[in-house]
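Visitor: Here is my input, please return the structure:
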Amino acid sequence: MNKLFFILSFFILLTSLSACNKFLEVKPKGIIIPEHLNDYELMLNSPEMVMTFPPTLLYCADDYYESMDALDRTPQANAYYWRIKIDDDINNVPAVWGEQYKSIYHANVIINGVLQATDGDLAKKQAVRAEALVIRADNYFTLLTVFAKAYDAATADKDPGLPLVTATDVTEKTPPRSTLQATLDTMIANLKEADLYLPTANIYKYRTTKQAAYGLLSRIYLYMQRYEEAASYATLALQASHTLLDYNNYTDANEFPDTEQKSEILWMRTSFDYSIPSGLHLSEELKTYFNANDLRYTLLTWVDIFGVSFTAPTGYANFGITYQEMELTRAEVFARKNNIAAAMDIINTFRKKRIAKDAWAPLSAATGEAALQIVLAERRRETMFGGARWMDMKRLDKEGRMPAVKRINKETQQLIATLEPHSPAYTFEIPAKVLQHNPGMERNHP
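Guide: Numbers count the residues shown, from 1 in each chain. The predicted structure follows:
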């Protein structure tokens, strides 16, 4: 039963997509074939194409603390304790893998078919196709951070990447895993192709623009330690009109604009789990990054009987790309290039809107390394529970900047798990159900 997207079979046998079911027919059975340009565009608004962040990624990050039962074998607990087998269930849709490949399938329907739509002008068709290319690249990047090693230019042409699925026919065999380098090269090429046709503005933040593609390129290049490209694309992304919220103007998180309306968001990505990240507890280590003058802490957290919990602003949480992430990427690259003044200028401009007015004072650094430490600390504070921390942990561990991370039961003080520097546990095994149906697929942990 080595079939393409076996993990999706019960989804794609449906006769419609949830956001546009009256427009789409399945013909033949198992293959979605829209006909009109509007059908394809409506697919971009469907949950499969906007709720693309897998919540499991929040549980493996060092931002998070929970008193999870050490015997718990759910994907959330497996991620939290960095067990090699993130999902050993052979009956249900595999954690992360199934969610992302479901979205990739829908993206492929658009990529492969929209140019043959029976109506609409070519420019609009190309723009819709370009949006799907960006969404597919984003899903592949998420999968890489979970199921492939951190990028190393010396070994990336040998390290296994992902099966690069482009078909929409469930009877086709799953392709073998490409190399890590080939996977990234394909994503980058797709994003650069999309840039040729994307608009500079779109109908809402879930929809893709040129600047969103630039933001994703910046993130990918940062992960690959290609810092010049990361900074260049961050600068391009920041050309879009935006405003950084001044937290001094708010007294409560409920006063913030709904997430979908925030001027800080470049590209909105959310999760099918509406509850996250509200209520997730800050790890003891993360709490050391804040003081009482940091308005991110005073406005976005609250204390309960189990610890300090995060409070997300109203609306669906965003796990996509923000303008502040792009600014922090630029600052990081400046620091790495020993341009201390430029790095600190970004940080101080940024912190003016995050620190209480009567406590704000400019920060300074004597060396590029000191500036880099300040930037990375600011990135940690600003992006907490934003979905990018696992990516950051992997890339920083690759260069020796991640300490051992421990999971300790606060009630018993029992040490349950440790993620050591350069641990193989930074790469999770392909889920059991995937391997069951693809016994020849290369494994991460033979």
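Visitor: quick one: low-confidence parts of the stretch 151-300 of the chain?
Guide: Applying pLDDT under 70 to the stretch 151-300 of the chain flags no residue at all.
Visitor: In it, what residue spans correspond to helices?
Guide: The residue ranges that make up the helices of the stretch 151-300 of the chain, judged by DSSP state H, counting those that start in this stretch, are 180-195, 210-223, 227-237, 284-287, 295-300.
Visitor: In terms of helices and strands, where is residue 407?
Guide: Taking DSSP states H and E as the criterion, residue 407 maps to strand 405-408.
Visitor: I would like the residues contacting that strand, please.
Guide: In this structure, residues lying in contact with strand 405-408 by Cβ atoms under 8 Å, 6 or more residues apart in numbering are 62, 80-81, 285, 393, 414-419. (C-beta placed from N, C-alpha, C; glycine too.)
Visitor: Same question for stretch 419-431.
Guide: The list of residues contacting stretch 419-431 from outside it, by Cβ under 8 Å, 6+ apart, reads 62, 79, 82-89, 94-98, 146-150, 393-394, 397, 400, 402-406, 435, 441, 443-445.
Visitor: Then stretch 289-307?
Guide: 65, 67, 247-248, 250-253, 281-282, 308-313, 354-356, 359-360, 377, 380-382, 384, 410.
Visitor: Pipe the contacts of strand 405-408 into JSON lines and attach secondary structure per row.
Guide: Rendered in JSON lines, the data for the contacts of strand 405-408 read as follows (DSSP: H, G, I helix; E, B strand; the rest coil):
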{"residue": "62", "secondary structure": "coil"}
{"residue": "80", "secondary structure": "helix"}
{"residue": "81", "secondary structure": "coil"}
{"residue": "285", "secondary structure": "helix"}
{"residue": "393", "secondary structure": "helix"}
{"residue": "414", "secondary structure": "coil"}
{"residue": "415", "secondary structure": "strand"}
{"residue": "416", "secondary structure": "strand"}
{"residue": "417", "secondary structure": "strand"}
{"residue": "418", "secondary structure": "strand"}
{"residue": "419", "secondary structure": "strand"}
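Visitor: how about these in TSV, adding distance to residue 257 and neighbour count?
Guide: As requested, the contacts of strand 405-408 are arranged in TSV below (distance: Cβ to Cβ, whole Å; neighbours: other Cβ atoms under 10 Å):
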residue	distance to residue 257	neighbour count
62	29	19
80	32	22
81	37	19
285	30	14
393	30	21
414	43	10
415	42	10
416	39	15
417	38	15
418	40	14
419	36	19
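Visitor: Of the residues you listed, which one scores lowest on pLDDT?
Guide: Minimum pLDDT across the contacts of strand 405-408 is recorded for residue 414, with 92.
Visitor: Quick one: residues contacting that residue.
Guide: Contacts were defined as Cβ under 8 Å, 6+ apart; by that measure residue 414 touches residue 408.
Visitor: any idea how far it lies from residue 406?
Guide: 11 Å (Cβ to Cβ, to the nearest Å).
Visitor: before we move on, what about residue 226?
Guide: From residue 226 over to residue 406 the distance is 32 Å, taken as Cβ to Cβ.
Visitor: Mind checking which of these two has more residues around it?
Guide: Neighbours around residue 226 and residue 406, counted as other Cβ atoms under 10 Å, are more numerous at residue 226. The numbers are 18 against 15.
Visitor: And residue 427, what's its pLDDT?
Guide: The predicted structure scores residue 427 at 98 on the pLDDT scale.
Visitor: Oops, could you answer that again for residue 26 instead?
Guide: With respect to pLDDT, residue 26 scores 30.
Visitor: And residue 410, by the same measure?
Guide: Residue 410 carries a pLDDT score of 87 in this model.
Visitor: thinking again about what came up before, so which of the contacts of stretch 419-431 sit within helices?
Guide: Cross-referencing these against helices under DSSP state H gives 79, 97-98, 146-147, 393-394, 397, 435.
Visitor: Identify the farthest-apart pair in those.
Guide: 98 and 397 (26.4 Å; Cβ to Cβ).
Visitor: which stretches of the stretch 1-150 of the chain have low pLDDT?
Guide: In the stretch 1-150 of the chain, residues with pLDDT under 70: 1-32.
Visitor: That one: helices as residue ranges?
Guide: Per DSSP H, counting those that start in this stretch, the stretch 1-150 of the chain has helices spanning 9-12, 37-43, 47-50, 56-59, 75-80, 97-113, 122-147. These are given in chain order.
Visitor: Next, work out how far apart residue 438 and residue 112 are.
Guide: Taking Cβ to Cβ as the criterion, residue 438 is separated from residue 112 by 22 Å.
Visitor: Mind checking which of these two has more residues around it?
Guide: Comparing residue 438 with residue 112 by other Cβ under 10 Å, the one with more neighbours is residue 438, at 21 against 16.
Visitor: Pretty sure the more buried one sits against residue 174.
Guide: Yes: under the criterion of Cβ atoms under 8 Å, residue 438 lies in contact with residue 174, with a separation of 5.3 Å.
Visitor: got the contact list for residue 328?
Guide: For residue 328, the contacting residues are 346, 350, 375, 378-379, 382-383, taking Cβ under 8 Å, 6+ apart as the criterion.
Visitor: just to revisit the earlier point, what subset of the contacts of stretch 289-307 is buried?
Guide: For these, a burial check counting by 16 or more other Cβ atoms under 10 Å picks out 65, 247, 253, 281-282, 308-310, 312-313, 354-355, 380-382, 384.
Visitor: Off-centre distance for stretch 127-140?
Guide: Taking the mean of its C-alpha atoms, stretch 127-140 sits 14 Å from the chain's own mean (Cα atoms, centre = their mean, to the nearest Å).
Visitor: Show me what counts as buried in that stretch.
Guide: Burial within stretch 127-140, assessed by neighbour count using 16+ other Cβ under 10 Å, is assigned to 127-140.
Visitor: quick one: which of these is nearest to residue 212?
Guide: Distance ranking of the buried residues of stretch 127-140 against residue 212, using Cβ to Cβ, places residue 134 first at 6.4 Å.
Visitor: give the contact list for that closest one.
Guide: Contact partners of residue 134, counting by Cβ under 8 Å, 6+ apart, are 190-191, 194, 198, 208, 212-213, 216.
Visitor: Farthest-apart pair in the residues you listed, please.
Guide: When Cβ to Cβ is used, the two most widely separated members of the contacts of residue 134 are 190 and 212, lying 13.3 Å apart.
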